[in-house]
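A.B. asks: Dropping a prediction and its sequence here:
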Amino acid sequence: MGPLLVVLLLALILFGAGFALHLLWWIAVVVLVVWVLGFVVRGTHSSGSRGRWYRW
């Protein structure tokens, strides 16, 4: 009974990690698209350093 519980627990942990990594990939894609769109939109109105939407 113990090894069965260990295998079940391991399966649940791996399933949860896979779901979390998949979710993180989608969040990263959304952030990248927003960053690129912000860069393109603000890049056309560049008035020195004040036209940037980020402070780097």
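C.D. replies: It's in.
A.B. asks: Please, where are all the helices along the chain?
C.D. replies: In the chain, the helices defined using DSSP state H lie at 2-43.
A.B. asks: Give me the buried positions along stretch 3-21.
C.D. replies: For stretch 3-21, the neighbour count (16 or more other C-beta atoms under 10 Å) marks no residue as buried. For every residue, glycine as well, the C-beta is placed using N, CA and C.
A.B. asks: to the chain's geometric centre, what's the distance from stretch 34-44?
C.D. replies: Distance of stretch 34-44 from its chain centroid, counting by C-alpha atoms, centre = their mean, to the nearest Å, is 18 Å.
A.B. asks: model confidence over it, on average?
C.D. replies: Mean per-residue pLDDT for stretch 34-44: 78.
A.B. asks: buried ones in it?
C.D. replies: Buried residues in stretch 34-44 (16+ other C-beta under 10 Å): none.
A.B. asks: Return it as CSV; C-alpha atoms alone will do.
C.D. replies: Provided in CSV are the C-alpha atoms of stretch 34-44 (Å, rounded to 0.1, in the frame of the first residue of the first chain):
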residue,chain,number,x,y,z
VAL,A,34,2.4,43.2,-24.5
TRP,A,35,6.1,44.3,-24.3
VAL,A,36,6.5,44.2,-28.1
LEU,A,37,3.3,46.1,-28.7
GLY,A,38,4.2,48.7,-26.2
PHE,A,39,7.7,49.1,-27.7
VAL,A,40,6.2,49.4,-31.2
VAL,A,41,3.5,51.9,-30.2
ARG,A,42,5.7,54.1,-28.1
GLY,A,43,8.6,53.8,-30.5
THR,A,44,6.8,55.9,-33.1
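A.B. asks: What separation is there between the most centrally placed residue in the chain and residue 22?
C.D. replies: Geometric centre of the chain, nearest residue: residue 28, 2.5 Å, by C-alpha atoms, centre = their mean. Separation of residue 28 from residue 22 (C-beta to C-beta, to the nearest Å): 11 Å.
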